[in-house]
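Q: need a structure here:
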Amino acid sequence: MEIQCLLPSNVIPNGVKSLHLSYKSSPITMGMIPETTDTLFIDNQYPLSTESLPRNLKKLELTGYNTELVPGILPNQLKTLVLMSYNKPIAEGTLPETIEQLYLTQCNQELKANQLPPSIKRLVFSSINYSKMINSVFPPNLEILNIHKIPANSKLLGNLLHLKKLYIGNIDCQIIDIQFPPLLEKLSIVSLFDDKIKISRNTFPQGLKSFSLEFCSSELTLEWLQLLPNGIESMKLPSTITTLKVGLLPKSLKKIRVGLIYSDPLKAGVFPEGLEILRLSGLQEKSLTKYMIPSTLKHIYLSHSIDKNWILKICKLPFYCIIHSNNYY
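A: Predicted structure coming up:
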């Protein structure tokens, strides 16, 4: 239910589970929101009090809220909190110990020790002050982290002993030595363009199963590929790659998305046996060869720039392989 007008108390019926209060709605008063509401979106800037929100609220999203949150305002049953464009300090004890997912979007925060409760398992933030971050900023039980860029002290990430999924916007050129968490299973990086970054086989945890890199030079991408651990099953690579050599991709690979706009002809064995899903973009007809497709492939997804007839004419496909045209994503 979405509310865009002024409302007195006791107008919203009991039984409402999800409620959206737009910028046109009235201030929230005691009893205005039913206790049955467990999901609440608020787009206005009216201050909240300790009696404003239902006690059983599980998810709260505040957009443009500019009044400082103080301890006692947020319900103790809250599991997910989304703060968009919130630029006030977060005092210790403000966030309930029950929160498992915290999203700080477009919030110019300087996080300090003990601000975030240890119950948080997923943390998403951007536009915060990374320069002063210390080890105790990150909750100890964190499992999923979305971060706009790696902080200057990149070894902070290595101390996240329970982290399984890491999403990074970009890796700052000031970062020289990277240390990823030891139990990391999924690593996703949007942009990486600095060749001064030092990596080795010890940079990546051995349990890594998924690796994604959106924008990167061909040379740097190939360097990272050579150092990734065995056992990776899912991979997403940028469209800047000019060549893929036999043996470069891990034998454990099950699915890959790759752009090969200026690629040399792809030889047999480039894509390993065992591969089941292949997503191709930008590939030219001259890059195709008869035996480039592994016998285990079940699905091949082609971007709009690749003619399905090229694949059928040139490549030898398994009889059970399904071609999906104009369906790269």
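Q: what's near enough to touch the closest residue to residue 305 other than its chain neighbours?
A: In this structure, residue 305 finds its nearest non-sequential neighbour in residue 282, 5.8 Å apart by CB to CB, 6 or more residues apart in numbering. Just so you know, the C-beta spots here come from the backbone N, C-alpha and C atoms, and that holds for glycine as well. Counting by CB atoms under 8 Å, 6 or more residues apart in numbering, residue 282 makes contact with 239, 259-261, 303, 305-306.
Q: and if you look at residue 214?
A: Shown in contact with residue 214 (CB under 8 Å, 6+ apart): 189-191, 236, 238.
Q: quick one: average confidence on the helix or strand that contains it?
A: Secondary structure assignment for residue 214, by DSSP states H and E: strand 210-216. The average pLDDT within strand 210-216 is 89.
Q: name every strand pairing with it and say which way it goes.
A: As defined by DSSP bridges, the strand partners of strand 210-216 come to strand 186-192 (parallel), strand 234-236 (parallel).
Q: and the angle from the helix or strand that the last one is followed by to strand 210-216?
A: The one in question is strand 234-236. Next in sequence after strand 234-236, counting helices and strands by DSSP H and E, comes strand 255-259. Strand 255-259 runs at 0 degrees relative to strand 210-216, counting by axes from the mean of the first three to the mean of the last three CA atoms, to 10 degrees.
Q: quick one, strands of the stretch 51-200 of the chain?
A: For the stretch 51-200 of the chain, the strands defined by DSSP state E, counting those that start in this stretch cover 59-63, 80-84, 101-105, 122-125, 144-149, 165-170, 186-192.
Q: quick one: low-confidence ranges for this structure?
A: Where the chain drops to pLDDT under 70, the residues are 1-11, 23-27, 107-110, 113, 127-136, 151-156, 172-177, 194-197, 261-262, 326-329.
Q: so which residues of it form helices?
A: For the chain, applying DSSP state H gives helices covering 155-158, 218-227, 308-314.
Q: can you put those in a markdown table and add distance to residue 60?
A: Listed next are the helices of the chain as a markdown table, based on distance: least, CB to CB, whole Å:
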| stretch | distance to residue 60 |
| --- | --- |
| helix 155-158 | 28 |
| helix 218-227 | 39 |
| helix 308-314 | 48 |
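Q: to residue 168, which of the ones you listed lies closest?
A: helix 155-158 (9.1 Å; CB to CB).
Q: any idea how far residue 76 is from the nearest residue to residue 321 once chain neighbours are set aside?
A: Spatial nearest neighbour of residue 321, chain neighbours left out: residue 297 (5.0 Å); criterion: CB to CB, 6+ apart. Separation of residue 297 from residue 76 (CB to CB, to the nearest Å) stands at 51 Å.
Q: higher neighbour count, these two?
A: Counted by other CB atoms under 10 Å, residue 297 and residue 76 do not tie: residue 297 has more neighbours, with 21 against 12.
Q: so residue 246 sits against residue 271, correct?
A: No. At 9.5 Å, residue 246 does not count as touching residue 271 under the criterion of CB atoms under 8 Å.
Q: looking only at neighbour counts, state which of the two leads.
A: Legend: neighbour count by other CB under 10 Å for residue 246 and residue 271, higher for residue 271 (22 against 12).
Q: apart from its chain neighbours, what residue comes closest to the more buried one?
A: Per CB to CB, 6+ apart, closest to residue 271 is residue 294, 5.2 Å.
Q: likewise for residue 57?
A: Excluding its sequence neighbours, the residue lying closest to residue 57 (CB to CB, 6+ apart) is residue 75, at 4.6 Å.
Q: what about that neighbour, neighbour count?
A: Counted with other CB under 10 Å, residue 75 comes out at 20.
Q: next one: the one 5 residues further on
A: By other CB under 10 Å, 16 other residues sit near residue 80.
Q: again with residue 87
A: When counting by other CB under 10 Å, one arrives at 13 neighbours for residue 87.
Q: do you know how far it is from residue 78?
A: The value you get for residue 87 to residue 78, if CB to CB is used, is 21 Å.
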